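In: sequence plus the predicted model coming up.
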There are 2 protein chains.
Amino acid sequence: MSAVKSIESNALEAEMAALGANARAAAHVLAATPAATKRAAIEAAADALAAARDDIIAANAEDMAKARAANLNAAMLDRLALDAARVDGMITGLREVAALDDPVGRVLDERTRPNGLRIERVSVPIGVIGIIYESRPNVTADAGALCLMSGNAAILRCGSESFQSSSAIAACLRRGLQAAGLPEDCVQLIPTQDRAAVGILLTMDEDVDVIVPRGGRSLIERVREESRIPVIAHLDGICHVYVHAAADADKAREITLNAKMRRTGICGAAETLLIDRAALAMLPAILAPLHEAGCEVRGDEDVCALDSAAVAASDVDWDTEYLDAIISVRVVGGLEDAIRHVNLHGSQHTDAIVSEDVAAAARFLDEVDSAIVIHNASTQYADGGEFGMGAEIGISNGKLHARGPVGVEQLTTYKYKVHGDGQVRP
Amino acid sequence: MSAVKSIESNALEAEMAALGANARAAAHVLAATPAATKRAAIEAAADALAAARDDIIAANAEDMAKARAANLNAAMLDRLALDAARVDGMITGLREVAALDDPVGRVLDERTRPNGLRIERVSVPIGVIGIIYESRPNVTADAGALCLMSGNAAILRCGSESFQSSSAIAACLRRGLQAAGLPEDCVQLIPTQDRAAVGILLTMDEDVDVIVPRGGRSLIERVREESRIPVIAHLDGICHVYVHAAADADKAREITLNAKMRRTGICGAAETLLIDRAALAMLPAILAPLHEAGCEVRGDEDVCALDSAAVAASDVDWDTEYLDAIISVRVVGGLEDAIRHVNLHGSQHTDAIVSEDVAAAARFLDEVDSAIVIHNASTQYADGGEFGMGAEIGISNGKLHARGPVGVEQLTTYKYKVHGDGQVRP
């Protein structure tokens, strides 16, 4: 390492350490802040976004120009782009978060022991949350507001392509904090695009309590690999629709079509259809609207024999998240076979059974080891908003701490408050 | 690496992989097992321990002979030793775990959405738990039973010094499982003392859902460093007693003595006493019984000026977990100063305030960022049993998933069960 490089890397480490210390100090203030003040800060941030709408769009234009010059593809450009409507969407999102119930200070449990000790378990903020995300600049507003409402300080690391847009948005969040009399450092955007900053962040276990990565597979795997800090992540959504022998044919058709095609790019989109051999008569009617909608069908032998438009699936297909208009289709022997397939090939995200047999459905819901298990509805309901939880920072398919949609409640932990009168332990 | 070594290490990897696959398969069975069957297995294991009492003591004699030959110190020998009374203790412990409420299948939340979807959040087992522990062979019984009662398969890794004892105990747990018609592989003890097995276990993220290390600092740090699997650990317990200006002098004396000296080797033992300058008049009466009990006092300048028996504390003392008859004592300016000291030097484990001022106590309980915060009682109450939670597998001072005592409830996660009638998402 050259001397210059070493000085630079020391400077970056010092900068990140300062960011961490600022976040920790801000988190201590925020933890003791009443809900009304947190709401006021988020509302003021929404006002600041409204006032800065033109500046944000101008900053975004810089990002877009750079992205076009770098030949980013159309999908990435679309995720990056901000216009007045998208800024309005962020403003609405902030006001919705400000209206959520305060997740902090809930008494989750309370008991008085025979020795007179009263023990409360009370929800408290986690502390400092590091969020690492890609392209979409609106995550800056969403994630910042969710952290604030749950009483956590946020260290945000945006994708380099959205740096100007995200900086403009983060400045509005900080203006909101200032207006409400809270430390601006409750929300900090890492002020450099240096990739080494992420590596440093992932080692700051003294000052950062949890890392939430939002992005593609390579980001999430890097974070899981390198992080010394607990991670709340969703890795992928290989979601199944299972059409049981006792399925209602109309529900099977509508649910499969919606689960696959409503939006193909979200994690709750179905990737695989399993169908009981006993229900095969329903299959042509299920596949027809998929073909009509432009969906490629990759089937096993039985499926290809029934559907001349299907192509042969290979072994990889059962483990693939297409995020595209492609569905793999397999015939199974029955409920047990289906459960085994889902637990083996799924990603513990969201899986649905279509059946009029309540006992079979109950068994599927019990035995499929996924965050969300659904009877007779589309997998695309896998969403914090649809669950009535308000905005979400992501959907976790890890099992520890948070499983499924991660909203403000999942961004809290708890502490035990013990109230005594001089008790000492015998 | 020599060819022989490579064959050995491949064999170990294959053996560990088989262990993981067996555990995962057993976990799927266990997750669907009713409470009565789990209780029956644990009761049968207790019966098996009673029947094998002599064999267990004989196996322990082998371990003890090896340990003496290896010159283990008296404290380690004591932790390792089993006699009839200690085996009885394990048997009682198992029966207590079997009598706990079933932590699985609790409906934690239930809501019906405007579209008619009914969404339940239900507690479920985590899956497969890897437990790595040192010397005490009774952990084999305790940890195995806690995992079973919470519906989790256990992979146990005992310390090499207790291998014969732990093997004999694990065999009893497996006999209990068999008697109840459950897969024996719900509990597996790693059948080798090869240290490389731990390294392999920590990478088995497909088949192991969480790692619980129980032991000294070097074990826990190794696990945190190497594990690709989420870890529930407590690193250390640097617990404080803070005597506030408005403390009752008798409570301050009794609580400090108990918090420090009841048992010095447990994580809830106090290591530091903070006392308000305004309460200094109480200090001699607080320190006298500590000196009498043979406790070394390491004080700051003010303390040493008041107490000729005290030795001068150095900066390291404020960050040290003695686990011994030593206490560091510091004078603070008041409540804020005390909170700052605890948050800076503590280990987020257990901290207590002694005060008759309810508002000051409330602020301490709110602002000290620890798993357990106590008003007017001893820090030695930091214990799952004392909290009415039954047996515990440890006390977590991490913030994610489980904080404070880790009992059967903390060994569960949850899933969302969504009940529909054909809903598709607009």
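Out: Alright, I've got the coordinates. Since the model is a prediction, treat every value here as computed from it, not as a measurement.
In: what about residue A:356, which helix or strand?
Out: For residue A:356, there is no enclosing helix or strand under DSSP states H and E.
In: tell me which stretches of the stretch 51-200 of chain A form helices.
Out: Secondary structure of the stretch 51-200 of chain A by DSSP state H, counting those that start in this stretch: the helices cover A:53-69, A:74-80, A:84-98, A:138-149, A:163-179, A:196-201.
In: export the ones you listed to a markdown table and tack on mean neighbour count?
Out: C-beta: built from backbone N, CA, C; applies to glycine. Below are those laid out as a markdown table (neighbours: other CB atoms under 10 Å in any protein chain shown):
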| stretch | mean neighbour count |
| --- | --- |
| helix A:53-69 | 17 |
| helix A:74-80 | 14 |
| helix A:84-98 | 18 |
| helix A:138-149 | 27 |
| helix A:163-179 | 24 |
| helix A:196-201 | 18 |
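In: those: which one's closest to chain B?
Out: Closest to chain B of these is helix A:138-149 (CB to the nearest CB; 14.5 Å).
In: counting by contacts, list what that closest one packs against.
Out: Under the contact definition 3 or more CB pairs under 8 Å, 6 or more residues apart in numbering or on different chains; DSSP states H and E, helix A:138-149 sits against helix A:35-51, helix A:84-98, strand A:128-133, strand A:153-157, helix A:163-179, strand A:187-189, strand A:210-214.
In: for residue A:148, give me its contacts.
Out: The contact partners of residue A:148, taken as CB atoms under 8 Å, 6 or more residues apart in numbering or on different chains, are A:30, A:38, A:41, A:42, A:97, A:154, A:173, A:177, A:186, A:187.
In: same check on residue A:23?
Out: Taking CB under 8 Å, 6+ apart as the test, what residue A:23 contacts is A:128, A:153, A:154, A:155, A:185, A:188, A:207, A:208.
In: read off the pLDDT value for the residue nearest to residue A:97 when sequence neighbours are not counted.
Out: Take residue A:97 and drop its neighbours on the chain: the residue closest to it by CB to CB, 6 or more residues apart in numbering or on different chains is residue A:145, 4.2 Å away. The model reports residue A:145 with a pLDDT of 96.
In: what sits against residue A:145?
Out: The contact partners of residue A:145, taken as CB under 8 Å, 6+ apart, are A:42, A:45, A:93, A:94, A:97, A:98, A:173, A:391.
In: can you rerun that using 10 Å?
Out: Residue A:145 makes contact with A:38, A:41-42, A:45-46, A:90, A:93-98, A:100, A:154, A:173, A:176, A:187, A:391, A:393, A:408 under the criterion CB atoms under 10 Å, 6 or more residues apart in numbering or on different chains.
In: determine which two of the contacts of residue A:23 are furthest apart.
Out: Maximum pairwise distance among the contacts of residue A:23 (CB to CB): 13.5 Å, between A:185 and A:208.
In: among these two, which residue is more densely surrounded?
Out: For the pair residue A:185 and residue A:208, the greater number of neighbours falls to residue A:208 (27 against 22), based on other CB atoms under 10 Å in any protein chain shown.
In: isn't the more buried one right next to residue A:129, touching?
Out: Yes: contact criterion CB atoms under 10 Å: residue A:208 and residue A:129 qualify, at 7.5 Å.
In: joint contacts of the two?
Out: The contact sets of residue A:208 and residue A:129 overlap at A:23, A:27, A:153, A:155, A:229 (CB under 10 Å, 6+ apart).
In: which parts of the stretch 301-426 of chain A are helices?
Out: Using DSSP H, counting those that start in this stretch, helices in the stretch 301-426 of chain A cover A:301-306, A:335-345, A:358-367.
In: of those helices, which is nearest chain B?
Out: Short answer: helix A:358-367, nearest of the helices of the stretch 301-426 of chain A by CB to the nearest CB, at 4.9 Å.
In: how does chain A divide into domains?
Out: A:8-232+A:406-417, A:239-385 (automatic domain parsing).
In: residue B:238 is nearest to which of the ones you listed?
Out: domain A:8-232+A:406-417 (14.2 Å).
In: what's the end-to-end length of that closest one?
Out: 45 Å (CA to CA, to the nearest Å).
In: mind putting the helices of the stretch 301-426 of chain A into CSV with distance to chain B and mean pLDDT?
Out: Formatted as CSV, these follow (distance: least, CB to the nearest CB, whole Å; pLDDT from 0 to 100):
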stretch, distance to chain B, mean pLDDT
helix A:301-306, 23, 96
helix A:335-345, 7, 96
helix A:358-367, 5, 97
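In: tabulate the ones you listed (a markdown table), appending mean neighbour count and distance to residue B:303.
Out: Listed next are these as a markdown table, based on neighbours: other CB atoms under 10 Å in any protein chain shown; distance: least, CB to CB, whole Å:
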| stretch | mean neighbour count | distance to residue B:303 |
| --- | --- | --- |
| helix A:301-306 | 16 | 80 |
| helix A:335-345 | 18 | 61 |
| helix A:358-367 | 18 | 60 |
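In: wait, isn't residue A:26 in contact with residue A:125?
Out: No: taking contacts as CB under 10 Å, residue A:26 lies outside contact range of residue A:125: 11.2 Å.
In: shared neighbours of the two, anything?
Out: What both residue A:26 and residue A:125 touch, as defined by CB under 10 Å, 6+ apart, is the set A:152, A:153.
In: related to what we said a few turns ago, worst mean pLDDT among the helices of the stretch 51-200 of chain A?
Out: Mean pLDDT values for the helices of the stretch 51-200 of chain A show the minimum at helix A:74-80, a mean of 89.
In: which residue does the stretch 251-400 of chain A have closest to chain B?
Out: Counting by CB to the nearest CB, the stretch 251-400 of chain A gets nearest chain B through residue A:377, at 2.9 Å.
In: give the contact list for that residue.
Out: Contacts for residue A:377 (CB under 10 Å, 6+ apart) come out as A:251, A:255, A:258-259, A:352-354, A:386, B:115-118, B:418-425.
In: switch to 6 Å and redo it
Out: Applying CB atoms under 6 Å, 6 or more residues apart in numbering or on different chains, we find residue A:377 in contact with B:117, B:420, B:423.
In: just give the number of residues close to the last one.
Out: Read that as residue B:423. 23.
In: quick check: nearest residue in space to it, chain neighbours excluded?
Out: In space, and not counting its chain neighbours, residue B:423 is closest to residue A:377: 4.2 Å by CB to CB, 6+ apart.
In: now the first one
Out: Using CB to CB, 6+ apart and skipping residues adjacent in sequence, the residue nearest residue B:117 is residue B:420, 5.3 Å away.
In: how about that neighbour, what does it touch?
Out: By CB under 6 Å, 6+ apart, the contact list for residue B:420 reads A:376, A:377, B:117.
In: now the longest strand seen in chain A against helix B:358-367, angle please.
Out: Ranked by residue count, the top strand of chain A under DSSP state E comes out as strand A:412-423. Comparing the axes of strand A:412-423 and helix B:358-367 via axes from the mean of the first three to the mean of the last three CA atoms, to 10 degrees yields an angle of 140 degrees.
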